[in-house]
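*Asks:* Here is my input, please return the structure:
(chains A, B and C)
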Amino acid sequence: MALLTVENLEKRFGGLIAVNDVSFEVESGEIFTIIGPNGAGKSTLFKLITSFTRPTSGRVIFEGENITRLPAHVVARKGVVRTFQETTIFKEMTVVENVIVAHHLRSRASSLGFFFNSPLARRDEQEFRESADSIIEILGLETVRNEQARNLPHGYLRELGIAIAMAAEPKALLLDEPFSGMNPEETDRVVDMVRGIRDRGITILLVEHDMRAVMRISDRILVLNFGSMVALGTPSEIQTDKAVIEAYLGREDDELGI
Amino acid sequence: MSSVAKGTRRGVGAPNRAVSIRIVLGVFLIVYLIVLPSYFAESRYILRVITTASVLSFISLGVWLTFTIGRINIGQGAFALIGGYATAILSTKFGVSFWVCLPLSGLIAGLTGIIFGLGILRLKGVYFAMITLSLTEAVRLGFLSGGDFTGGAPGISNIPLPDELGLFGITLIPDFGKVDTHIAFYYLAAVLLILGLAVIWRISSSRLGWIFKSLQQDEELSRSVGINVARYRVMAYAICCFYGGIGGAFFTVSQQSIYPSVFGVLDSLFFILYCFLGGLAFVAGPIVGAFLLFILFELLHEFQQYQQLIYSLLMISIMLWLPNGLLSLRLPAAFWRSRNIRD
Amino acid sequence: MEQVIVNSLILGMNYALIALGLTLIFAIMNVLNFAHGQMYVLGGFITYYALQVLHLPFVVGLVASVVVLVLVGLLSERLLFRRAIRVSTREESTMLLAAGLALLLESLILLFFGEKQRGMPPIISGVYQVFGVYIPAGRAFVFAIALASLIGFVTFMQFTRPGRALRAIAQDKEVTALQGVNINRYGALGFGLGAGLTGLAGSLLATIFAVNSGLGTAVSIKAFIMVMLGGAGVVSGAIAGAFVLGFLESFGYAYMPGSVTYMLIFAGMIIFLVFRPQGIMGKPWG
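*Replies:* Sure, this is the predicted structure:
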């Protein structure tokens, strides 16, 4: 059974259709990418899957459970966690503090427990610190561990965003344009990182512009245009798909990396 | 810079600092609880000023907590009124003892805060500020037009002083009418403030404080890692309102009366100003701000007609030249600091 | 009934002037001007002083109010808000700064004009009767000037270069700055214009309602209601909010005590905003 199933998802803003009858399945352990030109509805689709926006119709099923209209924080608790397009981080905290605070879902102590610093709360905090350190190590953020997040060099911001999401122990991690604005070396590093995350058993969904990276990293690709599905298949299938080339890719072949 | 702070906090310097913090805290407590009340025992006016400043600080601590979730709360006056009226009505109409009224007033204000908060906390920034300001007015008008129940514009008077609180025949707290009332209220205010500060300090330095802080910085991001944003921001707001309610109950009993215009928009703004003057980054900020401004206000009493003028010029100067508050100046910063704040 | 409707139209028109100044300053500077009500009161007192103490014609009083308030607006922008916006990014600081300015203006008004309630006779006396509805001539006169100013303002914003620049800044400050528009200068213009409009409102309304030095906060709160109802920073919203408030208030006062009316208005507004935070005309925001 698929880990994540999207069924006839649709989102309208007034008369505008942002996402139009989109259906697909994501298998466990896959790297699944959604591409499409600006305004194709990729980000809206992400928000729909993680419940940051409510769909007009359609369903999202995760591990056999309908998660369509659950509040966003409950969806995160089920294991569907997203990152953000912009450099969305907790700016007035250090890197390690960012990651520690994001461990919310793992806390067993109650609010009162934390208030009174109960043994359970102390154990939680200890665990969060250790886990945060290991996430920081995995993502290669040790050198900036104690930097204020708002002072971070640009290259580290996206890693921090991913580190925050990792702290929530996702089963499916949705990365919103993780390669945008990066030079080839940086992209290589993040490609390796994303693979590394997948190898830890986390299923990855990507929204991305950078075709070169996408073709290299993805197991399967979904192409959207004006909110509708144009094609769905492996990178090599997508690269040769007529509809895709016409609708989206045809203009600049080298952008495709063919 | 922050790594240095980190190093000293967890490093070798830590035990020394902990000791010096305890010493400073001890000196403060001795002065506050013993030296001041005995030195000024004959000067009721000064005692009353310190008492009032203490309770204003207490109320402002709540407002400070709403700042930590990133909301500008100009509605604290409303909850002081709610707490005040709760005590007034319960004690005069139902003969409930003050010692029951006091926590109950806080709870009523807190519950009201939850109900309002569920709706209005969806707003942010200037919008939240304006709506809480409107709330202050709405609640005032509500009590104004409450008929016999709230006593209209003149409000409710002849509210009894706190009675004796005993357990198994042992007097824990004496009847306020039978001892020096000013001293009694002084100590009540002092105990409230110390407890109030301890609770807020504990919240802000525990994981709860971190969650609040994460909301302040980005609610969407907090939501994405599974934090129930609505729940925590209502929690912070309810605690704030609880503080307002307790403070209102105190003033009602110490004045033995209440009327709708006791707490208005201006008071709500002043609570914010106290926090700002002390410094939003510091738990003790509202206390420093409230004491300084309130005592200053009393000193300016001499100048009668220029009092407000001087006050307003001060307020403007603070905003222009001290935007991060007094405690951001050189003080034993690590002591005041709620451990996680910038620079 | 017809009488109440006419009253609410007149009131709404007057309120529109009050709301416009606030929303303009908010849109351009992102400053919630707490001193708005005090600026209104100052405008009213200046007209009162010109007419009742110096016995000058109304036109002089009106112009004096507007000119003084434009100056007050320009000065506060230049000396206070520009610096505050530079040294601190928190919107709380400018809000509290405005609150400080409100206190300052209020105490100055108190020092100069005293604490007495000041009214004056209507500019034109007499009563018109149209279809059985009574309209005092003084109110009709104020209505006409307010309407003319409103049209003038909207025309300015729509069809002149500075007006378009102001609207562009309200839309997106950064982009407008990139296009080479001097943001500082237009910030001052917006502040001056907003304050001037408020002075105009104060001057006009002082001839109908009396003014006193303590009125400021109440006026500010009414202005906040209008701006919130209509949608903050949107000109059409301010006008819509003003007429809604005018209607609610006139109808409420006709059938209920004033305090109950306003309590219900507040309660209704809070509920309305919980479901539609952007107000009637505002754009949805995150």
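*Asks:* In contact with the spatially closest residue to residue B:44 that is not a sequence neighbour, which residues are there?
*Replies:* Nearest residue to residue B:44, sequence neighbours excluded (CB to CB, 6 or more residues apart in numbering or on different chains): residue B:182, at 5.0 Å. In short, each C-beta sits where N, CA and C put it, glycine included. Going by CB atoms under 8 Å, 6 or more residues apart in numbering or on different chains, residue B:182 touches B:44, B:47, B:48, B:51.
*Asks:* Tabulate those (CSV), appending pLDDT, distance to residue A:223 and neighbour count.
*Replies:* Formatted as CSV, the contacts of residue B:182 follow (pLDDT from 0 to 100; distance: CB to CB, whole Å; neighbours: other CB atoms under 10 Å in any protein chain shown):
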residue, pLDDT, distance to residue A:223, neighbour count
B:44, 83, 80, 15
B:47, 89, 77, 21
B:48, 90, 75, 17
B:51, 94, 71, 25
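*Asks:* what's the closest of those residues to residue C:171?
*Replies:* residue B:51 (51.7 Å; CB to CB).
*Asks:* Residue B:187 is in contact with the closest one, correct?
*Replies:* No. Contact between residue B:51 and residue B:187 fails when scored by CB atoms under 8 Å: they sit 9.0 Å apart.
*Asks:* all helices of the stretch 151-258 of chain A, in order?
*Replies:* If DSSP state H, counting those that start in this stretch is used as the criterion, the helices of the stretch 151-258 of chain A fall at A:154-167, A:184-199, A:211-217, A:235-240, A:242-244, A:253-256.
*Asks:* Can you tell me what sits against the fifth one?
*Replies:* Taking contacts as CB under 8 Å, 6+ apart, the residues outside helix A:242-244 that touch it are A:223, A:230, A:231, A:238.
*Asks:* residues contacting the one residue sitting closest to the centre of chain A?
*Replies:* Geometric centre of chain A, nearest residue: residue A:174, 1.8 Å, by CA atoms, centre = their mean. By CB under 8 Å, 6+ apart, the residues touching residue A:174 are A:46, A:49, A:50, A:80, A:81, A:82, A:83, A:205, A:206, A:207.
*Asks:* So residue B:157 sits against residue B:262, correct?
*Replies:* No. Contact criterion CB under 8 Å: residue B:157 and residue B:262 do not qualify, at 11.9 Å.
*Asks:* Settle it for me: which of the two has more neighbours?
*Replies:* residue B:262 (20 against 13; other CB atoms under 10 Å in any protein chain shown).
*Asks:* so that one touches residue B:84, yeah?
*Replies:* Yes. Assessed by CB under 8 Å, residue B:262 is found in contact with residue B:84 at 6.7 Å.
*Asks:* Now stretch C:258-273: average pLDDT?
*Replies:* For stretch C:258-273, the mean per-residue pLDDT is 86.
*Asks:* about what we covered before: so what sits against both of residue B:262 and residue B:84?
*Replies:* Shared contacts of residue B:262 and residue B:84, counting by CB under 8 Å, 6+ apart, come down to residue B:251.
*Asks:* on that earlier part again, quick check: of the contacts of residue B:182, which lies closest to chain A?
*Replies:* For those, the closest approach to chain A (CB to the nearest CB) belongs to residue B:51, at 28.2 Å.
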